[in-house]
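Engineer: 3D, please:
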Amino acid sequence: MAEPSSPWWKSPSHVIGVLGLALTLGGITTGVWIGVGQSRDARLYSQLGVLTQLAAEAQPSDRRIISGAIPRLRCASDYHRGDLGQDDELALDESLDVYELMAWTFNNHLAPAKAATLWGPRLLDLRTVAIKLLSRDEVAHDWHELAAYRPTGIRPLANPCA
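Structural biologist: Predicted coordinates for the structure are as follows:
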C-alpha cells in the first residue's frame, strides 16, 4: 500500500512553484491592464489629431466665408440665392465638406464626446447658415451627416444677427 503523502503546501518546492505561478499571472495581468490604458490614450490622441486636422483644413474656407458676403447675407431678411456669389458659394461648400466629415466622426462615436463642446457650436452654426443660404433639402442631400448631427448639451454660437 502506498504511503500517504504530505499536503502540497508542506513541500517547499510546491509552494515555490505555486508562488512563482501566481506572481507570473499577476505580472501578466498588470501588463495587460497597462497596455489597455496605453491603447485608450493612443486612441484619444488619434481622435483629437483627426479633429484638429479637419479644423485646420476648414480654416482657409472659413476665412473666405468671413471676408465675403456670407456674414451680411445670413442676416438679410430679403435674401435671394442669386445674392450668393460663386466665390462665397465655393467657400461655403468647402467648409461644409470638411464639417461633414467632422459631423460623421461625432455621429458615429469616433470622436470623444467632450470634443463636441469645442467643435459642435461651429458645426451647428455653419449648418444654420447653409440651410438659410442654400436650402434645407440641399444640405440634407449633399451633407447628410451634418444635417443629422444632433448634439446634446452644446451651446450654440451667439447669433450675429441679433
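Engineer: Following element in sequence after the helix ranked longest in the chain, please.
Structural biologist: Counting by DSSP state H, the longest helix found in the chain is helix 12-67. Where DSSP states H and E defines the elements, the next helix or strand beyond helix 12-67 is helix 70-73.
Engineer: Could you find the closest non-adjacent residue to residue 79?
Structural biologist: Among residues not flanking residue 79 along the chain, residue 73 sits closest, at 5.5 Å (Cβ to Cβ, 6 or more residues apart in numbering). (C-beta placed from N, C-alpha, C; glycine too.)
Engineer: Next, the contact list for that neighbour, please.
Structural biologist: With contacts defined as Cβ atoms under 8 Å, 6 or more residues apart in numbering, residue 73 is in contact with 79, 83, 84, 88, 133.
Engineer: from those, which would you call buried?
Structural biologist: Listed as buried from the contacts of residue 73 are 84, 88, 133; burial here means 16 or more other Cβ atoms under 10 Å.
Engineer: Quick check: the residue lying closest to the first one once chain neighbours are set aside vs residue 26, distance?
Structural biologist: Pointing back at residue 84 there. Of all residues not flanking residue 84 in the chain, residue 133 sits nearest, at 5.6 Å (Cβ to Cβ, 6+ apart). As judged by Cβ to Cβ, to the nearest Å, residue 133 and residue 26 stand 62 Å apart.
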